[in-house]
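In: Give me a model of this one.
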Amino acid sequence: MNPQVELNLALILFVPWFSILGWLFWAYPRQPRNAARTAFDSATLVLAAIAAFWGMHWGMHNADPHAGAIWKQVLATSVAYGLFLAVMTAALIARWRWLRGRRAAA
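Out: Below you'll find the model as predicted:
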């Protein structure tokens, strides 16, 4: 296998699922949709992708080499997915509180 593909396999395999989760985060709730919300959602998706990419590489480089070749992919996938979900969950909670506060103020 190509070394670059092997190094990035976890992210390649999760791109469809990350795309679905990202689209759901972006699309709901539908309102309010303003420049601040668009900037927040965009920054969140970029940060989640960067965190997943970093976690995938960290997992590949820190997996126990004696556990077998597949362990690198398992660890990289688990860390990348966990970090992506952690960023998305934190942003979802922050956005919910932000929007709720704006609704209460209006």
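In: From here on, just use CA atoms for contacts and neighbour counts.
Out: Noted.
In: Now do the lengthiest helix in the chain, average pLDDT.
Out: In terms of residue count, the longest helix belonging to the chain (DSSP state H) is helix 69-105. The average pLDDT within helix 69-105 is 90.
In: ok, and for it, which residues are buried?
Out: Under the neighbour-count criterion of 16 or more other CA atoms under 10 Å, helix 69-105 has 71-81, 83-85, 87-88, 91, 99 buried.
In: try stretch 41-58
Out: Buried positions in stretch 41-58, judged by neighbour count with 16+ other CA under 10 Å: 41, 44-45, 47-49, 51-58.
In: Among those residues, which ones are in strands?
Out: Using DSSP state E, no member of the buried residues of stretch 41-58 sits in strands.
In: Go through these and say which is closest to residue 4.
Out: residue 57 (11.2 Å; CA to CA).
In: Just list the residues touching the residue positioned nearest the centre of the chain, thanks.
Out: Nearest residue to the geometric centre of the chain (CA atoms, centre = their mean): residue 84, 2.5 Å. Contact analysis of residue 84 by CA atoms under 8 Å, 6 or more residues apart in numbering lists 48, 49, 51, 52.
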